[in-house]
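Peer 1: Fold the stuff below for me.
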Amino acid sequence: MSKVTEIPTGKRKPLYRFFEMLPALLSFGMVILLVVLSSISSVLGAIYLLLIVIMSLVKAIGVACRTVQGYKTVKKCIALDWKKRLEELEDPAASYEKLVGVRKDEYAYGEHLQNLCMMAAAEDGYFPKPSQIYHAVIVAMYNETLDVLAPTMDCLLKTTYPKKRMIVVIAYEERGGEDAEKDFIKLWGKILRLRNVLAAFDEFADDDRMVPREVQQYQGVYNELYERYRKVKKGELESIVGDIEFEMELARQVDVGIDYILMLVARYHASNCQDKEVRADISRAIDASPTLRDKRELIDRFIDGVNVTGASAEAWNTFVEGERDDELARVIADERLDERGTVSLMRRAWDEGYVRETGTAIMGILPRGGGGSLFSRAPTGLTATRERVLEKLKAFFERFHEIVGMPGDHRDMRD
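Peer 2: Predicted structure coming up:
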């Protein structure tokens, strides 16, 4: 069985290259031929020119006919009750018995009857019902303004299709990436500042046009951009960060707490883990939270392991304490660190709010015989070990610092 590719990736053969050039050769050839025929005989030139005019006229008539035909088809589609057709597909057998023999001047009515007949004859569950299908509406954009996007959103809001089974995706082309991201960061920063001011007025809660789900969705994108650019080297950030500012303090003011997540977890398990909308709400709430984003893996494991009666603050604290002890023990074992010194260093980090990168404490926990020098420029020996250990300890600190404390004594750590 041979593999055929439409566009060759290697060197093109002469015949393939000829067919690539053929449309351009024909276009230029038609113009050159007119000049050549006119120089030979004015009659031949006139006949050739008339043929071009007639061909263009026939093409224009064809395009006009197709345009009118397409317009009539669109009008028929607009007039059709698509919701009713979807309802008929819910029970195809009963709908087919009711409609067979009935003539209707509707768009694609015959095809609809054929579909009902085919679905009625199939086994139960072979074809999904419309009520089981989620529709993804992808709105592709590059640099269109809100005036262009708003009518599209209005049409989606006015549709009779259930909104709970509709997923709307606004997709920006990658080539618009940096400019689009910069515009979004600035715009959402302005919205955060405005909402912070309006929150002081009692009437704002009733007049707020943005539902919490929308705020969480946009805040999740904002947090993702903040984390991405914060981790990039400073020199690579100048193109976008030079004239923008992240409003992370305002973002933290509307941050959701773990209690809200636990409430959603309990609701999710109460539905026997079948309510996908609640699961999506949990995901959105985590993305929108600057303090919980890097704890997604912990929360996901907690959701998978807890039952409906165990989704409480006590169960969460017990789970997190166990995960904290296990992860720190893994770091100590993997890097062969001094256990007492490592726990003391992390307890001090919990008190001060950051992991110290200098001083004797970090050097005292490193394994003996690492080799190299702390002051060597190359990332080898003791320097490489120190950097690797610091990276793991800082990641551990970021994951657990804001949700659980450190034991008061190293003996409190689980074996």
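
Peer 1: if I look at residue 267, how far off is residue 404?
Peer 2: 24 Å (Cβ to Cβ, to the nearest Å). (C-beta placed from N, C-alpha, C; glycine too.)

Peer 1: wait, I meant residue 346
Peer 2: From residue 346 to residue 404 the distance is 12 Å (Cβ to Cβ).

Peer 1: So for the two, which sits in the more crowded spot?
Peer 2: Each of residue 346 and residue 404 has its neighbours counted (other Cβ atoms under 10 Å); residue 346 has more, 23 against 18.

Peer 1: In contact with the more buried one, which residues are there?
Peer 2: 328, 355, 393, 396, 397, 406 (Cβ atoms under 8 Å, 6 or more residues apart in numbering).

Peer 1: Mind checking which of the residues you listed are in strands?
Peer 2: Secondary structure from DSSP state E places none of those in strands.

Peer 1: So which of those residues is the closest to residue 115?
Peer 2: Ranked by distance to residue 115 (Cβ to Cβ), the contacts of residue 346 are led by residue 396 at 57.3 Å.

Peer 1: Please give me every residue in contact with that closest one.
Peer 2: 327, 328, 331, 346.

Peer 1: change it to 10 Å
Peer 2: Residues near residue 396 by Cβ atoms under 10 Å, 6 or more residues apart in numbering: 324, 327, 328, 330, 331, 342, 346, 349, 355.

Peer 1: Of these, keep whichever come out buried.
Peer 2: 324, 327, 328, 331, 342, 346, 349, 355 (16 or more other Cβ atoms under 10 Å).

Peer 1: Quick check: which element contains the first one?
Peer 2: The secondary structure element spanning residue 324 is helix 313-335 (assigned by DSSP states H and E).

Peer 1: Now list whatever residues contact both of residue 346 and residue 404.
Peer 2: Contact criterion Cβ under 10 Å, 6+ apart; residues shared by residue 346 and residue 404: residue 324.

Peer 1: one step back: pLDDT of the next helix or strand after the helix holding residue 324, averaged?
Peer 2: For helix 313-335, the following helix or strand on the C-terminal side (DSSP H and E) is helix 339-352. Helix 339-352 carries an average pLDDT of 88.

Peer 1: Excluding chain neighbours, what is closest to residue 364?
Peer 2: Excluding its sequence neighbours, the residue lying closest to residue 364 (Cβ to Cβ, 6 or more residues apart in numbering) is residue 341, at 5.2 Å.

Peer 1: give me every residue that touches that neighbour.
Peer 2: Neighbouring residues of residue 341 by Cβ under 10 Å, 6+ apart: 332, 360, 361, 362, 363, 364, 365, 366, 410.

Peer 1: Go ahead and build a ChimeraX selection from the buried members of the residues you listed.
Peer 2: Command for ChimeraX, covering only those of the contacts of residue 341 found buried under the criterion 16+ other Cβ under 10 Å:
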select :332,362,365,366
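
Peer 1: So which of the contacts of residue 341 are in strands?
Peer 2: Per DSSP E, the contacts of residue 341 never map to strands.

Peer 1: Dump the contacts of residue 341 to CSV, plus distance to residue 215 and pLDDT.
Peer 2: Output for the contacts of residue 341, formatted as CSV (distance: Cβ to Cβ, whole Å; pLDDT from 0 to 100):
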residue, distance to residue 215, pLDDT
332, 41, 89
360, 47, 79
361, 42, 79
362, 41, 83
363, 46, 83
364, 47, 82
365, 43, 86
366, 45, 84
410, 43, 41
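
Peer 1: after whichever strand or helix holds residue 182 comes which helix or strand?
Peer 2: Here residue 182, judged by DSSP H and E, is contained in helix 177-198. As assigned by DSSP H and E, the chain's next helix or strand after helix 177-198 is helix 204-207.

Peer 1: Could you name the helices and strands sitting against the helix or strand that comes right after that following helix?
Peer 2: Per DSSP H and E, the first helix or strand lying C-terminal to helix 204-207 is helix 212-231. Packing partners of helix 212-231 (3 or more Cβ pairs under 10 Å, 6 or more residues apart in numbering; DSSP states H and E): helix 177-198, helix 234-241, helix 248-253, helix 276-288.

Peer 1: for the record, mean pLDDT for stretch 116-136?
Peer 2: Mean predicted lDDT for stretch 116-136 stands at 89.

Peer 1: For that stretch, list every residue counted as buried.
Peer 2: 116, 119, 130.

Peer 1: And for stretch 204-223?
Peer 2: 215, 216, 218, 219, 220, 222, 223.

Peer 1: Tell me the one of the residues you listed nearest residue 62?
Peer 2: Nearest to residue 62 among those is residue 218, at 47.3 Å by Cβ to Cβ.

Peer 1: Leaving out sequence neighbours, find the closest residue to the closest one.
Peer 2: Nearest to residue 218 is residue 188, by Cβ to Cβ, 6+ apart, at 5.9 Å.

Peer 1: From the recorded domain assignment, give the ranges for the protein.
Peer 2: Listed domain ranges for the chain are 14-77, 80-132, 312-415 (source: automatic domain parsing).

Peer 1: And for residue 183, the neighbour number?
Peer 2: Neighbours of residue 183 (other Cβ under 10 Å): 14.

Peer 1: Need the pLDDT of residue 29.
Peer 2: 90.

Peer 1: Next, it: secondary structure please.
Peer 2: helix (DSSP: H, G, I helix; E, B strand; the rest coil).

Peer 1: So what's the residue count around it?
Peer 2: Residues lying near residue 29 (other Cβ under 10 Å) number 12.

Peer 1: Over to residue 343?
Peer 2: Residue 343, neighbours per other Cβ under 10 Å, totals 22.

Peer 1: now do residue 288
Peer 2: With other Cβ under 10 Å as criterion, residue 288 counts 24.

Peer 1: Wait, it touches residue 188, no?
Peer 2: No. At 11.5 Å, residue 288 does not count as touching residue 188 under the criterion of Cβ atoms under 10 Å.

Peer 1: so what's in contact with these two at the same time?
Peer 2: 215, 218, 219, 221, 222, 251.

Peer 1: my guess is residue 271 contacts residue 279, does it?
Peer 2: Yes. With contact defined as Cβ under 10 Å, residue 271 counts as touching residue 279 (9.3 Å).
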